[in-house]
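Undergrad: sharing a sequence plus its predicted fold:
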Amino acid sequence: MTSLNRVTQVICKGLIWVAGFLLAAMTVLTCANIFLRKVWVPIAGTFELMGYFSAVATAFALGLTQLGKGHIAVDVLVLRFSGRTRSILNALNAVLCAGFFGLIAWQIARYATTLMKTGEVTETLRIIYYPFTYAVALGCAALGLVFLSEFLQSLTQNKEDEK
């Protein structure tokens, strides 16, 4: 179990580094575009790149945010339940979310494959954008892996609590 947790953490930390690089690239691109707009000609395709980079950065940040419990959780009702009921609900939530994000990753990857086969490109820069779509699928798959890891961890914790 701990090896799955370690692998999940390594994957999520690697993805967050890429997300950070993309955010830095977006900052540089925005500043350069503002400067060049004032003195000469703006950078073509800035709007496209900002959209794709932000989609990938957001998707890559999902897993590490879940590892740090950074997502919003409304638990007003759940806090009134017993500890055992809460752990059952947390396990149920984790397995449902793992399945949901696994399904999302699969469907996005299918869509990316369709984009690759049809040769879709962006309007201004004419760059292929299926790699960005695959990257978003990867981010969703990483989040699904985090939820799967949480589910398996909750099962082992429940068995240890019963002993």
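TA: Now that the structure is in, tell me what you want to look at.
Undergrad: could you pull out the helices in this structure for me?
TA: 2-39, 46-67, 83-118, 130-162 (DSSP state H).
Undergrad: need the least confident one among those, by mean pLDDT.
TA: In terms of mean pLDDT, the lowest-scoring of the helices of the chain is helix 130-162 (a mean of 87).
Undergrad: rewinding a little: quick one, which of the helices of the chain is nearest to residue 76?
TA: Residue 76 lies closest, by CB to CB, to one member of the helices of the chain: helix 83-118, at 12.7 Å. Any C-beta I mention is one placed from the backbone N, CA and C, and that applies to glycine too.
Undergrad: re earlier: among the helices of the chain, which comes closest to residue 75?
TA: helix 83-118 (8.5 Å).
Undergrad: buried residues of the closest one, list them for me.
TA: Buried residues in helix 83-118, counting neighbours by 16 or more other CB atoms under 10 Å, are found at 87, 90-91, 93-95, 97-98, 101-102, 104-105, 108-109, 112, 115.
Undergrad: you'd agree residue 98 is up against residue 144?
TA: Yes - assessed by CB atoms under 8 Å, residue 98 is found in contact with residue 144 at 5.1 Å.
Undergrad: returning to what we had before: just the buried residues of helix 83-118 now: which is nearest residue 54?
TA: Nearest to residue 54 among the buried residues of helix 83-118, with distances taken as CB to CB, is residue 108, at 15.9 Å.
Undergrad: what sits against that closest one?
TA: 133, 134, 136, 137, 140 (CB atoms under 8 Å, 6 or more residues apart in numbering).
Undergrad: same thing but at 7 Å, please
TA: Listed by CB atoms under 7 Å, 6 or more residues apart in numbering, the contact set of residue 108 reads 133, 136, 137, 140.
Undergrad: how about the nearest residue to the second one, chain neighbours excluded?
TA: Looking back up the chat, that one is residue 136. Nearest residue to residue 136 in three dimensions, chain neighbours excluded: residue 59, at 4.3 Å (CB to CB, 6 or more residues apart in numbering).
Undergrad: how many neighbouring residues does that neighbour have?
TA: Burial measure for residue 59: 24 neighbouring residues, criterion other CB atoms under 10 Å.
Undergrad: how much space between it and residue 108?
TA: Distance, residue 59 to residue 108, by CB to CB, to the nearest Å: 9 Å.
Undergrad: what do the two both touch?
TA: Going by CB under 7 Å, 6+ apart, residues that sit against residue 59 and also against residue 108 are 136, 140.
Undergrad: thanks a lot, see you next time.
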